[in-house]
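Asks: Sequence first, predicted coordinates after that:
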Amino acid sequence: MPMKRRIDWAIYAAFVVLVMFLPLVMDAFWLNRVAKYLVFGMLGTAVALSWGYAGILNLGQGLFFGAGAYMLAMSLKLASTTSLQQGSDKPVPDFMLWNAEPGAPTELCCINKASFLWLPFQSQWFGVAMGLILPVVLATILGTIVFRKRISGVFVSIITLALVLLVRLVVIDSQPVTNGFNGLTDLGWFNIAGLEFDPYIVPTYYLVAVSLSLVLVGARLLIDTRAGLILQAVRDDQNRARYLGFDVPAYQTFFFAVSAAIAGFAGMLYVIVSEFASPTFMDLTFSITMVVWAAVGGRSSILGACIGAILINTISATVSETEGFAEAWKAIIGLIFVLVVLYLPRGLAGLAHDFIDRLLARKPAASPQPLRVSDASSQLAE
Amino acid sequence: MAQAALTIDGLSVDFAGFKAVNGVTMTVDDGELRVLLGANGAGKTTLMDLISGKTKSTDGRVYLHDTDITNWEEHKIARAGIGRKFQIPSVFKELTVRRNLEVASCRKPGVFANLRFGFGAEAERNVDEVLELIGLTEEQDRIAAYLSHGQTQWLELGLLITQNPKIILLDEPTAGMTQAETHKTSEIVNNLKGRHTIIVVEHDMAFVREIAERITVLHLGQVLAEGNVEQIENNPKVREAYLGSKGIS
Ligand SMILES: Nc1ncnc2c1ncn2[C@@H]1O[C@H](COP(=O)(O)OP(=O)(O)O)[C@@H](O)[C@H]1O
Ligand SMILES: [Mg+2]
């Protein structure tokens, strides 16, 4: 493995180790907060994959995040004893009871016209499966249409932006099944083989931390595959790739869908640590904020974009506790974004890479020789 | 007689009433190097667009060997065996030179077939050879965006060589090159002779003399003449057509 790649992986390892050790030094309250930031980090990674590597600036990533969140939240709502005991002996979400037509049967199948959609969500794992399947299916349909039609650049951004706003409206409007703008609250706990993931316990933190680590490594390995390289080629020059014989829309759609799956996964984890799902997940500002995280961290870096998200959120949380600074902070974030776009197009990860390059270049000529020998032997060992 | 690699039969395209290519018929033999000549706007690039699927023809057919490839999707035509170099050099700018060639070395078009690591020792050896041939071995770890204009053109040629199609279409491969660069390009192209069937659009007559066997002259979207260098240079119709523009130099 070349030196640069080894350093790269060492940084990944360091990040994972750091994340794994945090519970030793943090109380439950902060741990829950950090878990949320790790989820946002996962979103940063999803944005980097589609923006940095596929060249698709998705301004509606919140759609996939929201889809994942709602799918699991529906299952967890049905697992919530408090919300189900609102005068019915059968499991029916509280908001459906409050809004039921007089005389409607108090059963999930038929309390209102669309409530039957909730039936399969009585199984938590159905919710989990749908939290991945729905974003992937949406992304595949959208990607197939958009990329086959060779829509690219800013037009894709506008379409994704319009779509997330449209879906947000539909969710708010479908009060009987989604509880409208109130979202799904008072959820039960996620449960694996009897272990309940109370958001304020350490295992919940590890559920998020391990998930994020797997996503980071998985995404990184994915872009190291041939397909990942071809994707970057497509990003650089679609036509050139096409005339080399690659089915360009297939590559774009595949990675768009992977990015959507990661966002959906993040949505589910967010529901577990924050105990609600809300149409605000599909607010335009939220989707744009994700893009800012990725830009600051480095859109062409899977880990950089993740760290960007975690950093900005940590700083935000610290700063907004200072009275009177909260509003100013929003302006500062905007300013940071502009500065990064102007002067640091590769974000913090770009800075780090330049720094590593300089360190490697400064090394005396003595070291490359033994390195190459070890390279050759490691290749032989493969 | 040699076998026909590419057969073009009455190919036309109509751009809202304007026929940029109008009933072109020509046959290019297997292993032949054919030069397309013609003044600006004669329809040379458009003819390549039609062959490679970039533009859909409104009439006529294109055959690759015996396969009718008329109006197929670009990537399918490419997979069938036609590679193309663009007039404006296009390479993968943010990838290193070597990475560029590795992409081109990939024989499988689909996403799922490529969810694996590495390109294999044979592909890497082939990439090494191509680097040597296009003279970019020293630059293999540079990001393509930082190459000079000439080097970028050679890299794109390298992409084609690595792709290894039966037929290579080259649209003005020496455009904007210095004399030395032009000469090197003609060496690369000469090196491909025999291994590939090549169709080159070119203005530079020095270059044409270095590489050409047969020449087809296009004029106003139609074939005006066909023959070897000497025949074309002495053809009165060609001289006349060129007098209106800049003339064969
Ligand atoms: N997409 C198009 N729509 C309309 N006219 C076109 C289009 N493409 C090319 N043309 C016209 O067709 C003619 C031939 O162009 P081109 O094939 O580029 O010429 P050449 O490459 O021989 O210089 C030119 O007059 C050009 O303006
Ligand atoms: Mg042209």
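Replies: Here it is on my side, so go on. Treat the numbers as computed from the prediction; the structure is a model and nothing was measured. Ligands and ions are numbered 1, 2, ... in the order given.

Asks: host element of the one residue sitting closest to the centre of chain A?
Replies: Geometric centre of chain A, nearest residue: A:Leu43, 2.6 Å, by Cα atoms, centre = their mean. In the assignment (DSSP states H and E), A:Leu43 maps to helix A:28-48.

Asks: Summarise which helices and strands the helix or strand following that helix is packed against.
Replies: Using DSSP H and E, the helix or strand that follows helix A:28-48 in sequence is helix A:61-78. Helix A:61-78 is packed against helix A:28-48, helix A:124-148, helix A:154-173, helix A:248-274, helix A:284-297, with contacts defined by 3 or more Cβ pairs under 8 Å, 6 or more residues apart in numbering or on different chains; DSSP states H and E. For glycine as for every other residue, the C-beta is placed from the backbone atoms N, C-alpha and C.

Asks: could you check the angle helix A:154-173 makes with helix A:61-78?
Replies: Relative orientation of helix A:61-78 and helix A:154-173, computed by axes from the mean of the first three to the mean of the last three Cα atoms, to 10 degrees: 30 degrees.

Asks: For the helix holding A:Leu43, the averaged confidence score.
Replies: For helix A:28-48, mean pLDDT rounds to 96.

Asks: Take the helices and strands packed on helix A:61-78 and lay them out in a markdown table including distance to ligand 1.
Replies: Below are the helices and strands packed on helix A:61-78 laid out as a markdown table (distance: least, Cβ to the nearest ligand atom, whole Å):
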| stretch | distance to ligand 1 |
| --- | --- |
| helix A:28-48 | 36 |
| helix A:124-148 | 21 |
| helix A:154-173 | 20 |
| helix A:248-274 | 20 |
| helix A:284-297 | 35 |
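
Asks: can I get the ones you listed in a markdown table with distance to A:Trp189?
Replies: Conversion of the helices and strands packed on helix A:61-78 to a markdown table gives the following (distance: least, Cβ to Cβ, whole Å):
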| stretch | distance to A:Trp189 |
| --- | --- |
| helix A:28-48 | 13 |
| helix A:124-148 | 10 |
| helix A:154-173 | 24 |
| helix A:248-274 | 8 |
| helix A:284-297 | 25 |
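
Asks: Just name the most buried of the ones you listed.
Replies: helix A:248-274 (a mean of 26; mean count of other Cβ atoms under 10 Å in any protein chain shown).

Asks: which helices and strands does it pack with?
Replies: helix A:28-48, helix A:61-78, helix A:124-148, helix A:202-224, helix A:226-236, helix A:238-243.

Asks: B:Leu131: which of these is closest?
Replies: Across the helices and strands packed on helix A:248-274, the minimum distance to B:Leu131, taken as Cβ to Cβ, is reached by helix A:226-236, at 17.0 Å.

Asks: B:Leu11 and B:Tyr63 touch, don't they?
Replies: No: between B:Leu11 and B:Tyr63 there is no contact under Cβ atoms under 8 Å: 10.7 Å.

Asks: of the two, who's got more company?
Replies: B:Leu11 (23 against 16; other Cβ atoms under 10 Å in any protein chain shown).

Asks: Just checking the helix or strand containing that one against chain A, any contact.
Replies: Secondary structure assignment for B:Leu11, by DSSP H and E: strand B:4-15. No: using Cβ under 8 Å from any Cβ of the partner chain, strand B:4-15 stays clear of chain A, with a minimum separation of 16.0 Å.

Asks: Can the helix holding A:Leu43 be said to contact chain B?
Replies: No: Helix A:28-48 is not in contact with chain B by Cβ under 8 Å from any Cβ; minimum separation 14.4 Å.

Asks: what's the answer for stretch A:221-241, then?
Replies: Yes: Stretch A:221-241 lies within reach of chain B by Cβ under 8 Å from any Cβ, at A:222, A:224-227, A:229-230, A:232-233, A:235-237, A:239-241.

Asks: and the closest residue to ligand 1 within the stretch 1-150 of chain A, how many neighbours does it have?
Replies: Taking Cβ to the nearest ligand atom, ligand 1 has its nearest neighbour within the stretch 1-150 of chain A at A:Arg150, 15.1 Å off. Using other Cβ under 10 Å, A:Arg150 has 13 other residues around it.

Asks: How about the secondary structure of it?
Replies: Counting by DSSP: H, G, I helix; E, B strand; the rest coil, the backbone at A:Arg150 sits in coil.

Asks: CA-only coordinates of the worst-scoring helix or strand of chain B on mean pLDDT in CSV, if you can.
Replies: When each helix and strand of chain B is scored by mean pLDDT, DSSP states H and E, helix B:236-243 comes last, with a mean of 78. Taking Å, rounded to 0.1, in the frame of the first residue of the first chain, the C-alpha atoms of helix B:236-243 are listed here in CSV:
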residue,chain,number,x,y,z
PRO,B,236,-9.2,19.6,-59.8
LYS,B,237,-12.5,19.4,-57.9
VAL,B,238,-10.7,19.4,-54.6
ARG,B,239,-8.6,22.4,-55.6
GLU,B,240,-11.7,24.3,-56.6
ALA,B,241,-13.5,23.5,-53.4
TYR,B,242,-10.6,24.6,-51.4
LEU,B,243,-9.9,27.8,-53.3
